[in-house]
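Novice: just to be clear, the model below is a prediction. Sequence and coordinates:
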Amino acid sequence: QVQLVESGGGLVQAGGSLRLSCVASGRTLFSAYRMGWFRQAPGKDRSLVAVISQSGDNTYYSDSVKGRFTISRDNAKSTVYLQMNSLKPEDTDVYYCAAGSALFDYWGQGTQVTVSS
């Protein structure tokens, strides 16, 4: 079982930056899991933002965040990060981190990101 706790969300003006963190705990080997960041607005489906491989060598980004967001991980700290730059009002959502070997089986509780225009 893996527990995930996100932090770092908040209110920021358009063009600003935030860094989200997600710490994993439990009887698990963090480096065995792919990690992902997703986001969801009220009444909408959850959408994929970024994924990072177990070693950190491979990453994937949705088109809407490519070039602005960076996903990274520190396996020694069991932590995954999402650096968000050049934020836009349409980036306003609840952001979730997730872990899994193939599918994403474990989810955090989410952290709110609000970007004002």
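Specialist: Alright, I've got the coordinates. No experiment lies behind these values; they were computed from the predicted model shown.
Novice: buried sites along stretch 98-112?
Specialist: By 16 or more other Cβ atoms under 10 Å, the buried positions in stretch 98-112 come out as A98, A99, G100, F104, Y106, W107, G108, G110, T111. All C-beta spots, glycine's among them, are computed from the backbone N, C-alpha and C.
Novice: element containing the first one, please.
Specialist: In other words, A98. Assigned by DSSP states H and E, A98 belongs to strand 93-100.
Novice: gap between the spatially most central residue of the chain and S117?
Specialist: Centroid-nearest residue in the chain, with Cα atoms, centre = their mean: W37, separated by 2.9 Å. Going from W37 to S117 by Cβ to Cβ, to the nearest Å gives 23 Å.
Novice: same check, this time on S62
Specialist: Counting by Cβ to Cβ - S62 and S117 are separated by 21 Å.
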